[in-house]
Structures are given as C-alpha cells and as structure tokens.
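Novice: below is the sequence, then the predicted model.
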Amino acid sequence: MDGRLAVITGASEGIGRAFALAFSRAGADVVLVARGRENLLRLQHEVEASGRKAHVIVADLSRVDAIASLADGVSTIFKDEEKELILLNNAGFAFTKPALEVTEEDWDRVLDLHAKGTFFSSQFIGRLMIDRGYGKIINLSSTWSASTDMGKSTYGVAKAAVSYMTSALSSEWAPLGVRVNAIAPTATLSENTRRHMQENPERAERLLKRIKLGRFAEPSDLIGAAIFLASAASDFITGQTLFVDGGWQGAS
C-alpha cells in the first residue's frame, strides 16, 4: 500500500476504524471521514503514531453537498501528493426492522446513506481518479444484498443497490483506469452488532446456523480482502462483489 492515499468513510468506529489502522500499517496515508470529529481525531493520532499521514474530514455522507465538500478537501490533499487514490465506501449502519414497521424516515435514512452516499462519493472522488487515469473504489455491500432474512428488507435493498452500482460503475470506468469492487461481509461484530446479538440470542443462534465457519465475522476478518482490492495485486479485477461471509452464501 506504499504510495497510496486511502479515503475511508465511516472511519470513526467499528469496521471503518479497523480498515484505517490496517491501511496505514500496510503503508498507505489515509483520509478519515465520518460525522463525529472527536473519534476521528483520536484515530488520527493513533495512525500518525505509526508514522503515516492522516487527514480528518467531517462529513454527513447522506447529503450530496457534504460529499461535494469532502471531494474538495480530498482534491486539495491529493493534488499535493503523487499518490494513487483509493476510496473505501464504508459509511453505513446495520438496520433490522420488520417490513410492516418500516417508516418513510427509516427508508430515507438507510437509502440516503448506503445507496445515495456510496454513489455520489464514488462519482465525486471518482472524477479525481479519472483525471489521473488510475484509482480503486471499494464499496461495502453485505451478504444481505443477495439473500433474505427477517427484518432486513430495507437494509437488503440498500446493499443490493451497492452491489449493482459496483458492477455498473465498473463497466463505465474501467476504460478510464478506475477499478470498482465491493466486499460483502456477513454479520460483523462491531460494538453495536455485538450488543444487538447479545440482546437477541435467538436471532444470533439462527444466523450462526447459516455461517459454515460457525462464528460471526470480526472487523479484522475483512482486512485482507480490503487491502487486496486496494492494492496493485487486484489491478485486473473490477466489477466484483467479494463475499467474506464464512460460507453464508453456500449454506443450504
């Protein structure tokens, strides 16, 4: 990852934080993006203590004007650096609610961040990559993009959109030097997901039966796939959604 600048959204906690630390330890400088400044500043200090550069940009990625401002900030950083640009669209949140109880506000909150946020972040920052003739976009999809489960109707729609746009954008931008891929994890034990599973043991047991490796994912389980897709090792791969799910998709 030497010589690469990685923009990581949703970096303040959970999976995004794990990605940021892993990318910096692998040699990349990072741009840390989230809504909360305090956690980002703590992460920035941790990254810089390892000898890499870390920039903080506070942004609500459900709003296109905020994404435009983010892209302006990245452009300012990027134009001063002879680095290859990576975008990891990680910002999001887990959402479980029966379809009959989903409100318009629920729908808008989920789709605005996961679908609209991913698309316009890719569009705005993708332009910077296209100008250089090279870049990597990695979207965070989900195993629920391709399978169903109780309470996941809205979240699954949002993540299916992420996987579809991964394929669509890769088709348009491959001739321009930009590779677009996605990672689709199963339930991953961030702090919030861990608490949800503890509070809903029957649901946790049911989900575990679908994972052949017999456990939920940890954020560290996703790091290898992310670094592979962000590095030159995957330069001939685009338009793919890589399932990192412990065998969920193959479960009978």
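Specialist: Good, I have the coordinates. Residues are numbered from 1 along each chain as shown.
Novice: which helix in this structure has the most residues?
Specialist: What stands out as the longest helix in the chain, according to DSSP state H, is helix 153-173.
Novice: quick check: buried residues in that one?
Specialist: By neighbour count, and taking 16 or more other CB atoms under 10 Å as the criterion, the buried residues in helix 153-173 are 153-163, 165-166, 169-170, 173. (Glycine included, C-beta is placed from N, CA and C.)
Novice: ok, so of those, who is nearest residue 84?
Specialist: The closest of these to residue 84 turns out to be residue 173 (CB to CB; 14.9 Å).
Novice: wait, the closest one sits on residue 130?
Specialist: Yes. In terms of CB atoms under 8 Å, residue 173 counts as a neighbour of residue 130; the distance is 6.9 Å.
Novice: and the contacts of the worst-scoring helix or strand of the chain on mean pLDDT?
Specialist: Evaluated with mean pLDDT, DSSP states H and E, the helix-and-strand set of the chain has its lowest mean pLDDT in helix 191-199, which scores a mean of 79. Around helix 191-199, the neighbours that count as contacts under CB atoms under 8 Å, 6 or more residues apart in numbering are 13-14, 93-94, 96, 187, 189, 203-204, 207, 216.
Novice: other SSEs contacting the longest helix of the chain?
Specialist: Packing partners of helix 153-173 (3 or more CB pairs under 8 Å, 6 or more residues apart in numbering; DSSP states H and E): helix 104-111, helix 118-132, strand 135-140, strand 178-185, strand 241-244.
Novice: list the buried ones in the shortest one?
Specialist: Which is strand 241-244. Residues of strand 241-244 classed as buried under the neighbour-count rule (16+ other CB under 10 Å) are 241-244.
Novice: pLDDT of that strand, averaged?
Specialist: Here strand 241-244 scores 96 as its mean pLDDT.
Novice: which other helices and strands does that strand contact?
Specialist: Using 3+ CB pairs under 8 Å, 6+ apart as the contact criterion, the neighbours of strand 241-244 among helices and strands are helix 153-173, strand 178-185, helix 223-230.
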